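Student: no sequence on hand, only this structure:
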C-alpha cells in the first residue's frame with residue numbers, strides 16, 4: 001500500500017478538464033485552505049482547512065472539494081445504472097444480485113412492457129443478466145427500473161468485475177474513455193456503477209481485447225495522460 005501511495009503521488013491524472021484539479025491524498029491531509037472552499041464527499045472542515053477523510057483522489061471542482069475513493073465498495077445512489085443477475089422471482093418482480101449489502105428488487109411495474117405474472121421467467125429468468133437503473137435506495141433495499149435507453153436483459157457476451165470506485169475513470173469524462181474502447185474493438189459495452197461490466201463483440205478476440213483495455217485503464221487510475229497511453233496500448237496490441 002505504501003509503495004502504491006508513493007507511486008500515485010508521482011503520477012496523478014491531469015488529462016481531463018483543466019478546470020477540475022485532482023491530487024492523491026491520505027486521511028488527515030489538508031486539501032485546500034480558505035473559507036471559500038466547501039467540503040464535499042470524503043472531506044471535512046477543520047477551521048479554514050478542508051481535510052481528507054479517506055485515501056483517494058482529491059478533486060477541486062470550482063469551490064467544492066471532495067475525495068474520490070480508489071478502493072471503496074459500491075455505494076448505491078439514485079439514477080445509477082448497474083448490472084445485476086437475477087437470483088429469484090416473486091409474485092410481483094425479480095430479486096437481483098448487484099454486489100451491494102442491501103438486496104435489489106425489480107418490480108414488474110417498472111418494466112416498459114406488459115408482463116404476464118404467470119410468464120415472468122420468460123422475460124427474466126434466474127441467472128439472467130440485466131442492466132437497470134436505481135430509482136430508490138431504502139433501508140430495506142434497492143429498487144430498480146428498466147425504463148431508460150440501453151436498459152434491459154443482456155444476452156450473449158460475458159460479464160466481469162472491476163473495483164467500483166474505478167468506474168468513473170473507465171467511463172471517462174462524458175464517456176470519452178469507454179467510447180474510445182468501443183470504437184477500437186467494435187464491441188457493445190455496458191458499464192455498471194457497481195463495477196460489473198458487460199461486453200459483447202463481433203468475435204471472442206474483440207471481446208477479450210475490450211476487457212484487457214478496460215482492465216488496463218482500471219489499473220492505472222493515477223496515471224497522467226491516460227488517454228494517450230490507451231491509444232498507444234491499442235497500437236501495440
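Tutor: Structure's in. What do you need? Please read all numbers here as calculations on a predicted model, not as lab measurements.
Student: which stretches of the chain aren't confidently modelled?
Tutor: Applying pLDDT under 70 to the chain flags residues 1-21, 72, 222, 224.
Student: the residue of the chain most remote from its centre in helix, strand or coil?
Tutor: Distance from the C-alpha centroid of the chain, by CA atoms, centre = their mean, peaks at residue 118 (34.5 Å). Three-state call for residue 118 (DSSP: H, G, I helix; E, B strand; the rest coil): helix.
Student: show me what contacts it?
Tutor: By CB atoms under 8 Å, 6 or more residues apart in numbering, the contact list for residue 118 is empty. Backbone N, C-alpha and C define where each C-beta goes, glycine included.
Student: from residue 89, how far off is it?
Tutor: Per CB to CB, to the nearest Å, residue 118 is found 11 Å from residue 89.
Student: look up how far residue 106 lies from the spatially closest residue to residue 136 that is not a sequence neighbour.
Tutor: Spatial nearest neighbour of residue 136, chain neighbours left out: residue 143 (4.0 Å); criterion: CB to CB, 6 or more residues apart in numbering. Per CB to CB, residue 143 is found 8 Å from residue 106.
Student: residue 70 and residue 166 touch, don't they?
Tutor: Yes - contact criterion CB atoms under 8 Å: residue 70 and residue 166 qualify, at 6.9 Å.
Student: between the two, tell me which one has more neighbours.
Tutor: The neighbour count for residue 70 versus residue 166, taken as other CB atoms under 10 Å, is higher for residue 166 (22 against 19).
Student: angles on the backbone of the more buried one, please.
Tutor: Phi and psi for residue 166, reported as degrees, to the nearest 10, are phi -100, psi 0.
Student: so what's the residue nearest to residue 136 up against?
Tutor: Contacts for residue 143 were tallied using CB under 8 Å, 6+ apart; they are 104-107, 110, 134-137.
Student: need phi/psi at it.
Tutor: Per-residue torsions, residue 143: phi -100, psi 140 (degrees, to the nearest 10).
Student: what's opposite it in the beta bridge?
Tutor: Residue 143 has the following beta-bridge partners by DSSP bridges: residue 105, residue 136.
Student: now do the shared contacts for residue 70 and residue 166.
Tutor: With CB under 8 Å, 6+ apart as the test, residue 70 and residue 166 both reach residue 221.
Student: what about stretch 163-178, how long is it end to end?
Tutor: End-to-end span of stretch 163-178 (CA to CA, to the nearest Å): 16 Å.
Student: same question for stretch 170-181.
Tutor: With CA to CA applied, stretch 170-181 spans 9 Å between its terminal residues.
Student: contacting residues around residue 123?
Tutor: With CB under 8 Å, 6+ apart, residue 123 has these contacts: 111, 115, 153.
Student: domain assignment for the protein?
Tutor: When the chain is parsed with automatic domain parsing, its domains come out as 2-69, 81-154, 158-236.
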